[in-house]
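J.: Okay, here's the prediction I keep looking at, along with the sequence it came from:
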Amino acid sequence: MPLSDIDRRLLDRCLAHEPGAWRDFVDRYMGLIYHVIQHTAYARSMNLKPEDVEDIAAEIFLAIVDDDYKVLRNFRRTSALPTYLTVVARRVCVKELIRRRREEALGHVTASRAALADDSPDEVEPIAAAEEVERMLEGLPEKEAQVVTLYHLKFLNYRQIAKQLGIPENSVGPILARAREGLRKAVEGRRG
C-alpha cells in the first residue's frame, strides 16, 4: 500500500518543524500506538495497567522524535506510514516489556532471597552481574541451561521453547524444575 497524500503532508510538516504538526501526528497515530502496545503485551502474556500503556506510548513517541525525527527521516516512503509505525512501535514496545519483565524478575529474586536469609541483609547477595548468572548456568546440563535462558532471560513461553529446542512442550516444565533445583543447591552450597 503506497504512502497516502495525508501522511506525506503530515511527514513533511513534522520534518519541517511546522507549528502544530507534531500534535496532529500524535492525534492521528495515538490509537495505532495504543493498539500495538496492547496487542504486543497480549501476545507476550503480560497485563498492563493504563498507566503502563501510557508510559510505553510515551517511550514510542520519544523514539520517533529522538535525534530530530530520525525514525521519520529514515522512512523510505515506499509503504504506508501506519505499517512502518507499527513496526517501529512494536520494536520499542518489546524492548520496554522485556526491560520491565527483567526488573520485575530481579526485584522478585532479590525480595525472595532477602526473605530466605532470615532478614539479615549481610547475607543477601542479589544476582546482578551477568557473569554470575552465566557461571551459575555453566553448572547446569546444557539442555537445562538452554531452557532456563530462554524462559527467564529471553522470556519465551513453554511452546516457544519447545519449538526452538525441538523438544516436547510438556517436557519444558520438568526441565525447568530440575534446573531450578540445581541452581538452588548451587547457591546453598556457596553459602554453606
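T.: Received the coordinates, thanks. Numbering: from 1, shown residues only.

J.: can you pull the contacts of Phe25?
T.: Contact analysis of Phe25 by C-beta atoms under 8 Å, 6 or more residues apart in numbering lists 10, 14. Heads up, the C-betas are built off the backbone N, CA and C, glycines and all.

J.: least trustworthy helix or strand in the protein by mean pLDDT?
T.: Among the helices and strands of the chain, helix 130-138 carries the lowest confidence by mean pLDDT, DSSP states H and E, at a mean of 63.

J.: on contacts alone, who are the packing partners of whatever helix or strand comes next after that helix?
T.: Remark: after helix 130-138, the chain's next helix or strand is helix 142-148, criterion DSSP states H and E. Helices and strands touching helix 142-148, by 3 or more C-beta pairs under 8 Å, 6 or more residues apart in numbering; DSSP states H and E, are helix 130-138, helix 158-165, helix 172-191.

J.: Which among the ones you listed is found nearest to Arg91?
T.: The minimum distance between Arg91 and these falls on helix 158-165, with 18.3 Å, by C-beta to C-beta.

J.: Run the angle between that closest one and helix 172-191 for me.
T.: Going by axes from the mean of the first three to the mean of the last three C-alpha atoms, to 10 degrees, helix 158-165 is angled at 90 degrees with respect to helix 172-191.

J.: what does helix 158-165 contact?
T.: With contacts defined as C-beta under 8 Å, 6+ apart, helix 158-165 is touched by 143, 146-147, 150-151, 156, 167-169, 171-173.

J.: Only whichever of the residues you listed are buried, select them in PyMOL.
T.: Buried residues among the contacts of helix 158-165 (16 or more other C-beta atoms under 10 Å), as a PyMOL selection:
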select buried, resi 146+147+150+151+156+172
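
J.: Dump the contacts of helix 158-165 into CSV; add distance to Ser4 and pLDDT as well.
T.: Formatted as CSV, the contacts of helix 158-165 follow (distance: C-beta to C-beta, whole Å; pLDDT from 0 to 100):
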residue, distance to Ser4, pLDDT
Lys143, 51, 90
Gln146, 46, 88
Val147, 46, 85
Leu150, 41, 82
Tyr151, 43, 76
Leu156, 37, 77
Ile167, 47, 92
Pro168, 48, 90
Glu169, 43, 86
Ser171, 50, 89
Val172, 45, 86
Gly173, 48, 83
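
J.: element containing the most centrally placed residue in the chain, please.
T.: Centroid-nearest residue in the chain, with C-alpha atoms, centre = their mean: Ile98, separated by 2.0 Å. Element membership of Ile98, judged by DSSP H and E, is helix 81-116.

J.: swap in His35?
T.: His35 is located in helix 21-43, with elements delineated by DSSP H and E.

J.: quick one: low-confidence ranges for this protein?
T.: For the chain, residues meeting the criterion pLDDT under 70 lie at 1, 105-135, 153, 187, 189-192.

J.: So it: which segments form each domain?
T.: 5-102, 129-191 (automatic domain parsing).

J.: starting at the chain centroid, how far to the first one?
T.: So the one you mean is domain 5-102. Taking C-alpha atoms, centre = their mean, to the nearest Å, the mean C-alpha location of domain 5-102 is offset from the chain mean by 16 Å.
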